[in-house]
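S.K.: Below are the sequence and a predicted model for it; my questions follow.
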Amino acid sequence: MSAQRKLRYGMVGGGQGAFIGAVHRMAANLDGQMELVAGAFSADAENSRVTGEQLFLNPARVYASYAEMARREAALPAAERIDFVTIVTPNFLHAPVATTFLKAGFHVVCDKPMTLDLKAAKALRAVVRKTGRVFALTHNYTGYPMVKEARELVRTGRLGKILKVVAEYPQGWLLDRIEADGHKQAAWRADPKKAGATCCLGDIGTHAENLGRYITGLHIESLCASFTTFIPGRKLEDDANLLICYQGGAQGVLHASQISCGEENNLNIRVYGTLGSLAWHQEHPNELKFQPKGEPARILRRGNGYVSDAAKKFTRLPFGHPEAFIEAFANIYIEAAAAIRDHAAGRPGVYDFPTVDDGVYGMAFLETAVKSAKSKVKWTPFVNYK
């Protein structure tokens, strides 16, 4: 692969009526290093065709199914075929689509949660390891510069020993049963066949868990979960509350809700240690509150010279010019692109993006939480994810 060309990618999902597909396309395009050239954008062939037309793609590379896309792209000359595929389908398709493209020789960028269940996640991890392809999971909130700054504060001991982690992700968009009225994004999330065993926790609670683990490096020892379905007729939970015991003794509280009236996308995290604490709010992503013990609170802002090299690396604009959601996604894409280029060149590297192992851990988290929510004992050991 020439270092002097853009990476070519295809997309599965993200057709008309989808939300996250457009976000991925904007993020992948942000740094000018990759180009969308192919897609199977919907199970509806006409939807896929129209989407490809609106994106100005060659009609010959707009496919009616992901299986056809993988087969035909693999048959193209190396100078024409895609380098990787982005998967932005409902959850139930993540594993089969990823497996198909990995076995066809392509790298994969996949939306979260990675699969429908832990068994499928472990099987997909085995395929990734066997094929040796790059696999990036878009837990996009790890891409924010000030989240990386938070992790550096923990890594460098500025917080001391971590005692408590509080992660929250409240939304309010499912306060009404809009899935019954044909709302596409709500319909598949509320369908166990497409979303898996959980709605709210799988959709947004996984982000809260992943964010806490990314910043602190802590792993869960056991948890106690309570799921509630507040809206009559809904098959899966729309509110989840968890108590967490981490390995090493730290304690945690995690709640995710999609029926919290007035909330938009209020993901936030607070980490408390023996020497200090930090707080980050996704709706104000360019700021990080750092509270050293016995000193005034400090508000650290993205783009300034005092932040760590880890935060500087993923900052595009000078301070005072906000960076946010698209840039966070783009930071995962740019790291995945570096890994793909290095893979082609046969040189090893160290990258900062969520991997298939993060995907397996996330599914173990969901399986443990579902087991706890159904149990009368409640406190449940974290399931084996190795």
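M.R.: Perfect, I can see it now.

S.K.: which helices and strands does the helix or strand H94 falls within pack with?
M.R.: Using DSSP states H and E, H94 sits in helix 94-103. Judged by 3 or more C-beta pairs under 8 Å, 6 or more residues apart in numbering; DSSP states H and E, the packing partners of helix 94-103 are helix 66-75, strand 84-88, strand 107-110, helix 118-131. To be clear about C-beta, it is placed using only N, CA and C from the backbone, and glycine gets the same treatment.

S.K.: could I get those as JSON lines with distance to A339 and mean neighbour count?
M.R.: Formatted as JSON lines, those follow (distance: least, C-beta to C-beta, whole Å; neighbours: other C-beta atoms under 10 Å):
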{"stretch": "helix 66-75", "distance to A339": "20", "mean neighbour count": "18"}
{"stretch": "strand 84-88", "distance to A339": "10", "mean neighbour count": "26"}
{"stretch": "strand 107-110", "distance to A339": "8", "mean neighbour count": "27"}
{"stretch": "helix 118-131", "distance to A339": "12", "mean neighbour count": "18"}
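
S.K.: a helix runs through A225, doesn't it?
M.R.: No: secondary structure of A225 (DSSP: H, G, I helix; E, B strand; the rest coil): strand, not part of a helix.

S.K.: Mind splitting this structure into its structural domains?
M.R.: Following automatic domain parsing, one gets these domains for the chain: 7-141+332-354, 144-304+362-380.

S.K.: Determine how far the last residue of the last one lies from the first.
M.R.: Using C-alpha to C-alpha, to the nearest Å, one end of domain 144-304+362-380 lies 32 Å from the other.

S.K.: Equivalent analysis for the shortest one, please.
M.R.: Between the opening and closing residues of domain 7-141+332-354 there is a gap of 20 Å (C-alpha to C-alpha).

S.K.: related to what we said a few turns ago, may I have the helix holding H94 as CSV, with CA atoms only?
M.R.: C-alpha atoms of helix 94-103 as CSV (Å, rounded to 0.1, in the frame of the first residue of the first chain):
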residue,chain,number,x,y,z
HIS,A,94,-22.3,-6.6,13.5
ALA,A,95,-20.8,-10.1,14.0
PRO,A,96,-21.8,-11.7,10.7
VAL,A,97,-20.8,-8.6,8.6
ALA,A,98,-17.5,-8.3,10.4
THR,A,99,-16.7,-12.0,10.1
THR,A,100,-17.5,-12.0,6.4
PHE,A,101,-15.2,-9.1,5.6
LEU,A,102,-12.4,-10.2,7.9
LYS,A,103,-12.4,-13.6,6.2
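
S.K.: Next, the angle helix 118-131 makes with it.
M.R.: 10 degrees (axes from the mean of the first three to the mean of the last three C-alpha atoms, to 10 degrees).

S.K.: so where is this protein shaky, pLDDT-wise?
M.R.: 1-3 (pLDDT under 70).

S.K.: Helix or strand: which one has the residue of the chain most remote from its centre?
M.R.: Distance to the chain centre peaks in the chain at G294, reaching 35.9 Å (criterion: C-alpha atoms, centre = their mean). According to DSSP H and E, G294 maps onto no helix or strand at all.

S.K.: Out of the helices and strands packed on helix 94-103, the one nearest A311 is which?
M.R.: strand 107-110 (22.8 Å; C-beta to C-beta).

S.K.: helices and strands around that closest one, which ones?
M.R.: strand 84-88, helix 94-103, strand 135-137, helix 325-345.

S.K.: Distance to Q4 for these - can I get that in a markdown table?
M.R.: What follows is these, written out as a markdown table (distance: least, C-beta to C-beta, whole Å):
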| stretch | distance to Q4 |
| --- | --- |
| strand 84-88 | 18 |
| helix 94-103 | 25 |
| strand 135-137 | 23 |
| helix 325-345 | 11 |
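
S.K.: In this structure L93 contacts S42, no?
M.R.: No: L93 lies out of contact with S42 (C-beta atoms under 8 Å); the separation is 11.2 Å.

S.K.: ok, those two, which is more surrounded?
M.R.: S42 (23 against 19; other C-beta atoms under 10 Å).
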